[in-house]
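Peer 1: Everything below, folded, please.
(one chain, ligands or ions: 1)
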Amino acid sequence: MIDFSIPEDLVAKRDRVRQWVIDEIIPYETDPRLTQHGPTDGLRQELVEKARAAGLLTIQAPVEYGGWGLSHLEQAVLYEAAGWSTLGPVAMNCAAPDEGNMFLLNKITDAAQAERYLRPVIEGHQRSVFAMTEPDGAGSDPGQLRTTATFDGTHFRIDGLKWLITGANGARTWIIMADLQENPHLPSGPTLFLADGDAPGIVIERVMNSMDRNYVEGHCVVRFDGLSLPREALLGEAGAAFRYAQLRLAPARLTHAMRWLGAAERAQSIAIDHARTRTAFGKPIAEHQGVSFKIADNEIALHHCRLSVWYVAWLLDQGEKARHESSVAKAFVSEELFRVLDRCVQVLGGIGVTEETPVSMLFRDVRGFRLYDGPTEVHQYAIARKVLGGGR
Ligand SMILES: Cc1cc2nc3c(=O)[nH]c(=O)nc-3n(C[C@H](O)[C@H](O)[C@H](O)COP(=O)(O)OP(=O)(O)OC[C@H]3O[C@@H](n4cnc5c(N)ncnc54)[C@H](O)[C@@H]3O)c2cc1C
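Peer 2: Sure thing, here's the model as predicted:
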């Protein structure tokens, strides 16, 4: 049987999260600590303490870590509610990149690694990064990875340049992707490593100015300059980085969609209020077809984005990898939500491009979603290869 109903207790949790974000978190959207480089870590810590007090911190974590052990479908419902403000997921510790990193670390760390690198992130005491993208190497095509790791039997040495590394400034738990060179001890190839953010050899060159400001401490250019790591820094198996990255990718790209869906819903509610109250040519602008069609198109898009997300969440809950389906959903939802935000700006008229409402910020923030976790064209490329034969 196909069942789209939401259980009563989940509805209650959803409403509680949404109301808490509205009452407690939205007032921080005008806090000066929400900077051009995203919320500062100080702001994040204050928000995290509010979520902790409300019993809403890291609710997605496994029960043994104090979380609610949410299924993917439950996450879909609750992350959408949290995403009503971009600061909601920051407060509740279910924002990127930490949310996806926690998911990955929970799957592949050993007990000692989990205590040192995962538990403090789950508890909201430290942040994490996933360092893959490079100016001249890994990006849409991770196969171009240039950062190298050499191994002498006891220590790894990591050298390379990365950029667009979200939250790198001040993060303590680092997941680094590097190409392990041929050696007599371990398999070679793309490999994941764990490091402490304050290790000598991790050099934050600069925080990049960007059009978005929803990610804590923004995005950084990072140089690994002879970063020395012990054997225990190996995350999972040597040479298996792409397999692990895929493990993280389907759920992580889906949770982005869940959170942005909430943000787009909020923009739509603001556009609806405006359309009802603003008049032009003798009537509320909502009564002009050009405006009402935009509101209707938004509603259609939001509904289908939600169905798309729920479907993939359901597949993941069945234990499916949903690689193809999550690609389809990610490409669809990121493109649609960007159009929803654009239409909201248009309905608002001139104030849509000002910061009189949160819509202009959300419009800029959602833009990156068409790029990270795979640009739309890369998903189209993969989808077409599967459909036409010969791929995946
Ligand atoms: C807000 C934000 C946060 C990010 N955070 C992180 C992070 O924390 N850690 C991290 O490692 N990376 C991060 N990234 C980087 C992100 O993963 C990359 O931007 C993404 O993988 C694309 O790589 P690229 O930017 O190098 O684009 P490129 O690989 O240079 O691609 C440029 C463009 O080429 C086109 N293209 C590429 N391949 C194809 C194809 N097969 N068919 C058709 N067109 C194609 C696409 O239009 C693509 O946008 C972040 C990016 C953004 C925008």
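
Peer 1: The residue nearest to Glu123 when sequence neighbours are not counted: how many residues sit nearby?
Peer 2: In this structure, Glu123 finds its nearest non-sequential neighbour in Thr58, 7.4 Å apart by Cβ to Cβ, 6 or more residues apart in numbering. Any C-beta I mention is one placed from the backbone N, CA and C, and that applies to glycine too. Counted by other Cβ atoms under 10 Å, the residues lying close to Thr58 total 23.

Peer 1: which bits of the protein sit near the ligand?
Peer 2: Residues of the chain found near the ligand (Cβ under 6 Å from any ligand atom) are 97, 130-133, 139-140, 164-166, 212, 219, 368, 371-372, 375, 377-378, 381.

Peer 1: Please repeat the previous calculation with a cut-off of 5 Å.
Peer 2: Residues of the chain lying close to the ligand (Cβ under 5 Å from any ligand atom) are 97, 130, 132-133, 139-140, 164-166, 368, 371-372, 375, 377-378, 381.

Peer 1: ok, of these, which come out buried?
Peer 2: Pro97, Phe130, Met132, Thr133, Gly139, Leu164, Ile165, Thr166, Gly368, Tyr372, Val378 (16 or more other Cβ atoms under 10 Å).

Peer 1: Please flag which of these sit within helices.
Peer 2: Val378 (DSSP state H).

Peer 1: Out of the buried ones among the residues of the chain next to the ligand, which is nearest to the ligand?
Peer 2: Proximity of these to the ligand (Cβ to the nearest ligand atom) peaks at Gly139, which lies at 2.2 Å.

Peer 1: What are the boundaries of the helices in the stretch 101-250 of the chain?
Peer 2: Taking DSSP state H, counting those that start in this stretch to define them, one finds helices in the stretch 101-250 of the chain at 111-113, 119-122, 241-277.

Peer 1: Point out the most buried one among the ones you listed.
Peer 2: helix 241-277 (a mean of 22; mean count of other Cβ atoms under 10 Å).

Peer 1: For that helix, name the packing helices and strands.
Peer 2: Judged by 3 or more Cβ pairs under 8 Å, 6 or more residues apart in numbering; DSSP states H and E, helix 241-277 is in contact with helix 72-82, helix 87-92, helix 98-108, strand 189-196, strand 283-284, helix 289-317, helix 323-348, helix 359-367.

Peer 1: could the ones you listed be laid out in CSV, adding mean pLDDT and mean neighbour count?
Peer 2: Below are the helices and strands packed on helix 241-277 laid out as CSV (pLDDT from 0 to 100; neighbours: other Cβ atoms under 10 Å):
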stretch, mean pLDDT, mean neighbour count
helix 72-82, 98, 25
helix 87-92, 98, 28
helix 98-108, 96, 21
strand 189-196, 98, 22
strand 283-284, 98, 12
helix 289-317, 97, 18
helix 323-348, 97, 22
helix 359-367, 98, 21
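
Peer 1: one step back: which stretch among the helices of the stretch 101-250 of the chain comes nearest Glu320?
Peer 2: Distance to Glu320, taken as Cβ to Cβ, is lowest for helix 241-277 among the helices of the stretch 101-250 of the chain, at 8.9 Å.

Peer 1: who does whichever helix or strand comes after that closest one pair up with?
Peer 2: Tracing the chain past helix 241-277, the next element assigned as helix or strand by DSSP states H and E is strand 279-280. In the sheet, strand 279-280 lines up against strand 283-284 (antiparallel) (DSSP bridges).

Peer 1: how far does the strand it pairs with sit from the chain's center?
Peer 2: 39 Å (Cα atoms, centre = their mean, to the nearest Å).

Peer 1: got a pLDDT number for Gly391?
Peer 2: The model reports Gly391 with a pLDDT of 51.

Peer 1: Trp310 contacts Glu74, correct?
Peer 2: No. At 10.9 Å, Trp310 does not count as touching Glu74 under the criterion of Cβ atoms under 8 Å.

Peer 1: what's the first-to-last distance across stretch 311-331?
Peer 2: End-to-end span of stretch 311-331 (Cα to Cα, to the nearest Å): 14 Å.

Peer 1: Can I get the helix or strand containing Ala12 as PDB, trimmed to CA atoms?
Peer 2: Using DSSP H and E, Ala12 sits within helix 8-20. Written as PDB, here are the backbone C-alpha positions of helix 8-20 (Å, rounded to 0.1, in the frame of the first residue of the first chain):
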ATOM      1  CA  GLU A   8       0.200  12.200  14.400                       C
ATOM      2  CA  ASP A   9       3.300  12.200  16.600                       C
ATOM      3  CA  LEU A  10       5.400  13.300  13.700                       C
ATOM      4  CA  VAL A  11       2.900  16.100  12.900                       C
ATOM      5  CA  ALA A  12       3.200  17.300  16.500                       C
ATOM      6  CA  LYS A  13       7.000  17.200  16.300                       C
ATOM      7  CA  ARG A  14       6.900  19.100  12.900                       C
ATOM      8  CA  ASP A  15       4.600  21.800  14.300                       C
ATOM      9  CA  ARG A  16       6.800  22.100  17.400                       C
ATOM     10  CA  VAL A  17      10.000  22.500  15.400                       C
ATOM     11  CA  ARG A  18       8.400  25.100  13.000                       C
ATOM     12  CA  GLN A  19       6.900  27.200  15.900                       C
ATOM     13  CA  TRP A  20      10.200  27.000  17.800                       C
END
